[in-house]
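K.L.:
for reference, the sequence and a predicted model appear below.
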Amino acid sequence: MSLLEIRDLHISYPNPKGEFFAVDGVDLTIEKGEFVGLAGESGCGKTTLALSIPRLLPRGSHIGAGSIHFNGVDTTALSEEGMRALRWKEISVVFQGALNALNPVHTIGSQIAEPIRIHDESVSKKQAHDRTLELLEAVGIPARRFEDFPHQFSGGMRQRVMIAMALSCMPKLVIADEPITALDVMTQAQILDLLRSLCDRYSLSMLLISHDLSVLAQTCDRVAVMYAGKMAEQGPTSRVFGNHGAKHPYTQRLLSAYPNIKHERKFIDGIPGYPPDLSQEQVGCRFADRCDVALSRCATEVPELIDIGGGQSVACHLASDIRAGVQ
Amino acid sequence: MPFLLRRFFTLLSSIFAIVTFNFFLFHIIPGDPIRLIARTQRLNAEAIAKMRASFGLDGSILSQYFRYLSKLVHGDLGYSFSFKENVSGLVGRALGNTLLLLTASTLIVVILGIAIGVFAGSRQGKKSDTATVISSLILWSMPTFWVGMLLVFTFGVWVGGLPISGISTANAVYSNGFEYFMDISRHLILPTVTLAIVDIAFFIIITRTALIDVMSEDYMLTARGKGLGRRAIVWRHGFRNAMLPVLTASALYISALVGGAIQVEVVFSWPGMGLLMYNSVLARDYPVLEASFLLTTVAVLVANFAADLLYRVLDPRVAVSK
């Protein structure tokens, strides 16, 4: 049994024109102890997908179809009370922008300790306090800063606080939503190392969201690439990001849009055009308009996500044609 | 604590500036109070000069100012033209009555207003919230004196049962202190309700808006993500942050209270500062007005000073930035 199994998930938001289909039939699996990266441009549904797991989506959002099985339990069927018991105890989140994600009027110590006693009433105040000090030490913050407030920390330190907080109940799954985006490059590397080593040490699973492919390549066992509310491609990092491993034209263009420090300088070509408007119903492949190898059927037929072997799956007619040709 | 000292010094210098402004304001106004009192041509120059001296109106305006300052420091607020008694005694009695009224209504306004505001704000968009907002807007748009007159009419003419005027029953003889207390309490009800009913709407709306603002902050999502219950999310994480703008509004509210108190006291003949100011304006009783203005402005300044201090307790970010 996988730790997390998302099947055919549909999530929509109401908007003035009707509905905005942010996530439109997405599958995602995370095994115990696995680090999965989720990539894609802004607005492709990464955060919506991730926050649907602990059911922290904004009011009005609607899970239309599909299921989310966490540890064998369908969380979409859970009551609010049942979901509350899972939050942080089993699934915690490292939010983007830790300044805003920490409450400005409470000390960082009390914020880290808070969920411990909520989820386990047998823990004494003293034990929660000691546990918090351990966590602070683990993320490299001196214990004397327990009583300090978030605004007294630098951006990187705040993100460390956030990580300590995410680990306070030793959850099974940590969702890290762009955890290093607002930080400088040196701090990014430190925080990423810290997150990776802590999750390894406590054998937690992690879903790491980033639009920075190099971050995912460095950290994750497996990566999933989303485009316009759908999964474009997923597979082991070594395959998808390896030489000629990416099969979806979007992933390929995304990868070629990154400069390579070892190769000669070249002009970075972006991907012309814009993603489609998700409040409209989509026909065909969503990437077809921007794709330079699109076939005529791409405009009419939605490509299924198909397994192309080696744990990799791609939602592209080209890839399925190649596979059909091979067989 | 250097901050406290600095802030206290600002408070004192503001009070001094207001004392000065107040003094010149009333002395620059055209019209001679002595002539108003004398009202006759038959007084000789000597008598007028004597009267002038007894009211402290002789000598140049600057010497009058310094005399006023030195008297003020000694707690002497002058002598009332129309009530023919010391202003300090007059104001002292009125101030006590006003404080009684304002304390009663402010307690109701702040406690109930904030509680209802949190109730509505944490249920944004639901029917109970909409109902609260609409009734608050209706209450807030009612003029205080009008509400007072409605209540006077209702309890004075139709229903009865509650005293509609004064602070205690005229010529009543009380057998014990408790009876006296009950009599004052009964007189207190209608003015307090009048003052509270309009102002409570202000606090409900301010608190509701502040809480709704806070509810959309990222740290509220964190609180939800931690698995906290609704109550803990609202009170532990939202409330304290929402109280920051409410505190600022409260300090401003103190100054708005003065206006409300004048209206209510006049409508209900409550013998407080408002009624005293009203009567003094009618009688051009400058010493009383001067003293009342002074007290009011000092009250507003002190309220702001207190809000500043409280702000530092509530918001750790303010405490660090000097």
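P.N.:
Received the coordinates, thanks. Numbers count the residues shown, from 1 in each chain, chains lettered A, B, ... in the order given.
K.L.:
any idea how far chain A is from the closest residue to B:Arg93 other than its chain neighbours?
P.N.:
What sits nearest to B:Arg93 in space, not counting adjacent residues and going by C-beta to C-beta, 6 or more residues apart in numbering or on different chains, is B:Pro271, at 7.5 Å. C-beta coordinates here come from the backbone N, C-alpha and C atoms, glycine included. In this view, B:Pro271 and chain A are 43 Å apart by C-beta to the nearest C-beta, to the nearest Å.
K.L.:
just checking, B:Pro271 touches B:Ser168?
P.N.:
No. Taking contacts as C-beta atoms under 8 Å, B:Pro271 lies outside contact range of B:Ser168: 9.5 Å.
K.L.:
which one's more surrounded, the two?
P.N.:
Ranked by neighbour count (other C-beta atoms under 10 Å in any protein chain shown), B:Pro271 and B:Ser168 place B:Pro271 first, with 18 against 15.
K.L.:
three-state assignment of the more buried one?
P.N.:
Three-state call for B:Pro271 (DSSP: H, G, I helix; E, B strand; the rest coil): coil.
K.L.:
and the gap between it and B:Glu265?
P.N.:
Look at B:Pro271 and B:Glu265: by C-beta to C-beta, to the nearest Å, they are 8 Å apart.
K.L.:
swap in A:Gln152?
P.N.:
Distance from A:Gln152 to B:Glu265, by C-beta to C-beta: 49 Å.
K.L.:
more neighbours: which of these two?
P.N.:
Comparing A:Gln152 with B:Glu265 by other C-beta under 10 Å, the one with more neighbours is B:Glu265, at 26 against 15.
K.L.:
just give the nearest non-adjacent residue to the more buried one, would you?
P.N.:
In space, B:Glu265 comes closest to B:Gly274 once its chain neighbours are excluded; the distance is 3.5 Å by C-beta to C-beta, 6+ apart.
K.L.:
same check, this time on A:Tyr274
P.N.:
Looking at A:Tyr274 with C-beta to C-beta, 6+ apart, the closest residue is A:Arg290, at 7.9 Å.
K.L.:
contacts only, for the one you found.
P.N.:
For A:Arg290, the contact set (C-beta atoms under 8 Å, 6 or more residues apart in numbering or on different chains) comprises A:250, A:271-275.
K.L.:
neighbours around residue 241, how many?
P.N.:
You didn't say which chain, so I picked chain A. 23.
K.L.:
meant chain B actually
P.N.:
22.
K.L.:
next SSE downstream of the one helix or strand it maps to?
P.N.:
In the assignment (DSSP states H and E), B:Asn241 maps to helix B:240-268. Per DSSP H and E, the first helix or strand lying C-terminal to helix B:240-268 is helix B:273-283.
K.L.:
for the following helix or strand past that following helix, name the packing helices and strands.
P.N.:
Moving toward the C-terminus from helix B:273-283, the next helix or strand (DSSP H and E) is helix B:286-314. Counting contacts by 3 or more C-beta pairs under 8 Å, 6 or more residues apart in numbering or on different chains; DSSP states H and E, helix B:286-314 is packed against helix B:2-28, helix B:87-121, helix B:240-268, helix B:273-283, helix B:316-320.
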